[in-house]
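J.: sequence first, predicted model second:
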Amino acid sequence: MNGQTGNGSLGAAFKTRLFTGLLTSARIPSMEGGYGAKVYDQIYRWKDYDGETRRLKEILSAHGKPSGTLLDVACGTGQHLLRLQDDFTVEGLELDPEMALLARERGLTIHLGDMAETETGGQYDVVTCLFSSIGYMETPERLHRAVKNLANHAAPGGLVVVEPWFAPDQWYDGYVHMDTVNEGKLKICRMSVSRTDGPVSVMDLHHMVATSEGVETFVTRHRMGLFVDWEYVDAFEAAGLTVEKDAEGLMGRGLFIGRKAPAR
Ligand SMILES: C[S@@+](CC[C@H](N)C(=O)[O-])C[C@H]1O[C@@H](n2cnc3c(N)ncnc32)[C@H](O)[C@@H]1O
């Protein structure tokens, strides 16, 4: 899908989203208006999924898990999973049905649900939650529930790997942000101004998307908890995991690596 600017399907998809999807979609806690699935891969073309996945594999190998089964929670359109499936038998869990659909269209097995509640019915050698998706838990109580749920999905001796969202001292109220895509038949502009609501970061992402069928606009609202390190550590330990932090992680945001006790 990256770099595709075909006018037919993309234009039709936006029309569907605007007239039947966006206006009628149920409110998703922390993520009003869905995730913007139709533009996700284009907007994040700058993201080095190849390099990140290589680094993740190094980290997993160094922790004794070079292969096995892996569940990626909040897997989005499946970008990490696609690159992990050579070494792991992979599955994903995702809240937004449109994101899940795109991942499924890529041949991936995706469970639909909320990372704080949903059980896939399996246990995995590795459970990941990447690109700061954990921030959508918004409150420490939901953070604890989510990490407990991730831990429940880890097999004995398995790993739980979480890439955190920003801490309060890394978040700037009033920061003005813009991402653009400028292809022949596809132009996207996504703008936001960072806001803070107590310990929660709030972003209204204003999208303008132009295809040869016209210009569509929509807004998605994102509320993400600004947790500090000890809150993550607390959640891991409360879930019965030993935890360490890799300061750099996959993209400079750090990485919490938890381990479940092996079977006795
Ligand atoms: C920044 S994207 C990351 C997607 C993917 N991990 C990646 O690296 O491209 C955040 C993802 O979290 C998902 N998400 C948000 N809240 C969730 C929840 N409660 N349970 C599961 N997924 C959730 C969103 O739908 C979105 O796909």
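T.: Perfect, thanks for sending it.
J.: now do the same contact list for the closest residue in space to residue 166 that isn't next to it in sequence.
T.: For residue 166, ignoring the flanking residues on the chain, the nearest one in space by Cβ to Cβ, 6 or more residues apart in numbering is residue 226 at 6.1 Å. Bear in mind the C-beta positions are built from the backbone N, C-alpha and C, glycine included. Counting by Cβ atoms under 8 Å, 6 or more residues apart in numbering, residue 226 touches 135, 165-168, 171, 196, 199-201.
J.: the same query, at a cut-off of 7 Å, please.
T.: 166-168, 171, 199-201 (Cβ atoms under 7 Å, 6 or more residues apart in numbering).
J.: now for those: which two are most distant?
T.: Greatest spatial distance among the contacts of residue 226 (Cβ to Cβ): 167 and 200, at 12.7 Å.
J.: more neighbours, these two?
T.: residue 200 (18 against 15; other Cβ atoms under 10 Å).
J.: which strand residues bridge the more buried one?
T.: Taking DSSP bridges as the rule, residue 200 bridges to residue 197, residue 225.
J.: can you give me the strands in the stretch 101-250 of the chain?
T.: 110-112, 124-129, 154-162, 176-182, 187-193, 195-197, 200-211, 214-225, 241-246 (DSSP state E, counting those that start in this stretch).
J.: can I get the CA coordinates of the second one in PDB?
T.: It stands for strand 124-129. Once non-C-alpha atoms are left out, strand 124-129 reads as follows in PDB (Å, rounded to 0.1, in the frame of the first residue of the first chain):
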ATOM      1  CA  TYR A 124       3.100 -16.600  23.200                       C
ATOM      2  CA  ASP A 125       6.900 -16.700  23.600                       C
ATOM      3  CA  VAL A 126       6.900 -12.900  22.900                       C
ATOM      4  CA  VAL A 127       4.100 -10.300  23.400                       C
ATOM      5  CA  THR A 128       4.900  -6.800  22.000                       C
ATOM      6  CA  CYS A 129       3.100  -3.500  22.100                       C
END
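J.: is the ligand within reach of that strand?
T.: No: Strand 124-129 does not reach the ligand (Cβ under 6 Å from any ligand atom); its nearest approach is 7.5 Å.
J.: how is the protein carved up into domains?
T.: 10-45+169-225, 46-167+226-260 (automatic domain parsing).
J.: return the most buried member of these.
T.: Compared across the domains of the chain, domain 46-167+226-260 shows the largest average neighbour count, a mean of 19 (mean count of other Cβ atoms under 10 Å).
J.: in the stretch 51-200 of the chain, what residue is nearest the ligand?
T.: Here the stretch 51-200 of the chain gets closest to the ligand at one residue, residue 76, 2.6 Å apart by Cβ to the nearest ligand atom.
J.: need the strands of the stretch 101-250 of the chain in CSV (columns: distance to residue 90).
T.: Formatted as CSV, the strands of the stretch 101-250 of the chain follow (distance: least, Cβ to Cβ, whole Å):
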stretch, distance to residue 90
strand 110-112, 10
strand 124-129, 9
strand 154-162, 14
strand 176-182, 28
strand 187-193, 29
strand 195-197, 35
strand 200-211, 28
strand 214-225, 25
strand 241-246, 21
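J.: now those strands in JSON lines, with mean pLDDT?
T.: Listed next are the strands of the stretch 101-250 of the chain as JSON lines, based on pLDDT from 0 to 100:
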{"stretch": "strand 110-112", "mean pLDDT": "98"}
{"stretch": "strand 124-129", "mean pLDDT": "99"}
{"stretch": "strand 154-162", "mean pLDDT": "98"}
{"stretch": "strand 176-182", "mean pLDDT": "96"}
{"stretch": "strand 187-193", "mean pLDDT": "96"}
{"stretch": "strand 195-197", "mean pLDDT": "96"}
{"stretch": "strand 200-211", "mean pLDDT": "94"}
{"stretch": "strand 214-225", "mean pLDDT": "93"}
{"stretch": "strand 241-246", "mean pLDDT": "98"}
